[in-house]
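Enquirer: would you be able to build a 3D model of this:
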Amino acid sequence: MKALLLGAIFLLELALLGSAGYWGFTLGTGWPVRLLAGLGTPLVIAVVWGLFCSPRAAVTLPDPAKLAVQAACFLTGGVLLTLAGHAVPAAASPLRRGFR
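Expert: Numbers count the residues shown, from 1 in each chain. Model prediction:
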């Protein structure tokens, strides 16, 4: 069960990095800025995740602090995806239909 959960977390991390890269490449600026944002933003998030949240993290945090860093990373990915024009991800669309 633990391996299954770690695999799901890994896929969510990849989606997080993908959303950050997507945001960067869809900016309405010149290609150098889009390239820098599209490659740099996921790199920064990956470094933060690797330093504080990975199973082999260089900095060992207490569980509440580690959870806060993970939540901040995923919140950042959601905000960047919203800024890229995808405010309602597919996972939330059934909830949205239920409240109409």
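
Enquirer: which SSE is the residue positioned nearest the centre of the chain in?
Expert: In the chain, the centroid-proximal residue (CA atoms, centre = their mean) is residue 16; its distance is 2.6 Å. Assigned by DSSP states H and E, residue 16 belongs to helix 2-25.

Enquirer: before we move on, what about residue 60?
Expert: Remark: residue 60 resides in no helix or strand, with elements defined by DSSP H and E.

Enquirer: how far away is it from residue 2?
Expert: According to CB to CB, to the nearest Å, residue 60 stands 19 Å off from residue 2. C-beta coordinates here come from the backbone N, C-alpha and C atoms, glycine included.

Enquirer: one more: residue 59?
Expert: 23 Å.

Enquirer: neighbour count: those two, which is higher?
Expert: Neighbours per residue (other CB atoms under 10 Å) separate residue 59 from residue 2, with residue 59 holding more: 11 against 6.

Enquirer: over to that one: give its phi and psi.
Expert: Residue 59 has phi and psi values of phi -110, psi 120 when expressed as degrees, to the nearest 10.

Enquirer: contacting residues for it?
Expert: By CB atoms under 8 Å, 6 or more residues apart in numbering, the contact set of residue 59 is 51-52.

Enquirer: can you tell me how far it is from residue 14?
Expert: 22 Å.

Enquirer: can you check residue 49 too?
Expert: According to CB to CB, residue 49 and residue 14 sit 11 Å apart.

Enquirer: what do you get for residue 29?
Expert: According to CB to CB, residue 29 stands 26 Å off from residue 14.
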